[in-house]
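*Asks:* quick one: sequence and predicted model below, then my questions.
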Amino acid sequence: MVPLDVRRELWAWYYGMRAFMHCQACCEHILKEKLDDPHPLFYPLSVGATINYGRPFRKSYGMPTLGEEIVPARYSVVHEMVMLIRDRLHAHTDADRTAYPGQITVDVLLGVTATHREFKLVEAIIKPKAFENLNGLCKILVDKTSYHMDKLYKRYQKELPIDIGEYRIGLDPNGPDFIKLPLRS
């Protein structure tokens, strides 16, 4: 039997590791290709990076989270800024609050000229240089989450399912430890 708190930790560490890997992939593509605004992939990759980075730290129904204490102190400012941008700009759009004090971070403008009217979306963007810091942080967090996953796996491997197949990790305190899924065709 694998205790519920251990199953929740396994779930959170693995989910976190994958989310940080996705964030890292977005950062590395931005940096490798030297993307910047207005390149059509810059904004979607920026959003992908911040959304994925924040997922392991934010509460969702039924999902365990990682504690922010896993973030190294030297990256605390990077973490706080990414989470603020994620929460107020990328994951949720707060038109009445700003992610950057004293600045509007998202707005819809109407431009009027003598010949036509045109709407324009104005959104704050993350400077490409900032992705170097976020990429470095993700590398550390991928290593950290992988370490914790391996440690738990080694400790409980004899209690994990051995029959061939895929198993859902049971997070329900009244349910089984692992739920075998039907074979996919």
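*Replies:* Nice, thanks for sending it over.

*Asks:* which SSE is the residue with the largest distance to the centre of the chain in?
*Replies:* Distance from the C-alpha centroid of the chain, by CA atoms, centre = their mean, peaks at residue 114 (45.1 Å). For residue 114, there is no enclosing helix or strand under DSSP states H and E.

*Asks:* longest helix in this protein, please.
*Replies:* Ranked by residue count, the top helix of the chain under DSSP state H comes out as helix 4-32.

*Asks:* tell me the phi and psi of the residue farthest from the centre of the chain?
*Replies:* Residue 114 has phi and psi values of phi -60, psi -20 when expressed as degrees, to the nearest 10.

*Asks:* how about the longest helix of the chain: buried residues?
*Replies:* Going by neighbour count (16 or more other CB atoms under 10 Å), the buried part of helix 4-32 is 6-17, 19-30. (C-beta placed from N, C-alpha, C; glycine too.)

*Asks:* the protein: helices as residue ranges?
*Replies:* Counting by DSSP H, the helices of the chain are 4-32, 42-54, 76-85, 130-156.

*Asks:* where in the chain is pLDDT low?
*Replies:* Scanning the chain for pLDDT under 70 picks out 94-105.

*Asks:* surely residue 82 meets residue 55?
*Replies:* No - at 11.7 Å, residue 82 does not count as touching residue 55 under the criterion of CB atoms under 8 Å.

*Asks:* looking at these two, which one has more neighbours?
*Replies:* Taking other CB atoms under 10 Å, residue 82 and residue 55 do not tie; residue 82 has more neighbours (24 against 21).

*Asks:* and that one, what does it touch?
*Replies:* Residue 82 makes contact with 50, 53-54, 134, according to CB atoms under 8 Å, 6 or more residues apart in numbering.

*Asks:* and if you look at residue 35?
*Replies:* For residue 35, the contact set (CB under 8 Å, 6+ apart) comprises 29, 41-42, 45, 128.

*Asks:* buried among those? Make that a PyMOL selection.
*Replies:* Filtering the contacts of residue 35 down to the buried ones (16+ other CB under 10 Å) takes a single PyMOL command:
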select buried, resi 29+42+45+128
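
*Asks:* between the contacts of residue 35, which sits nearest residue 160?
*Replies:* Taking CB to CB as the measure, residue 160 sits nearest to residue 29 out of those, at 34.8 Å.
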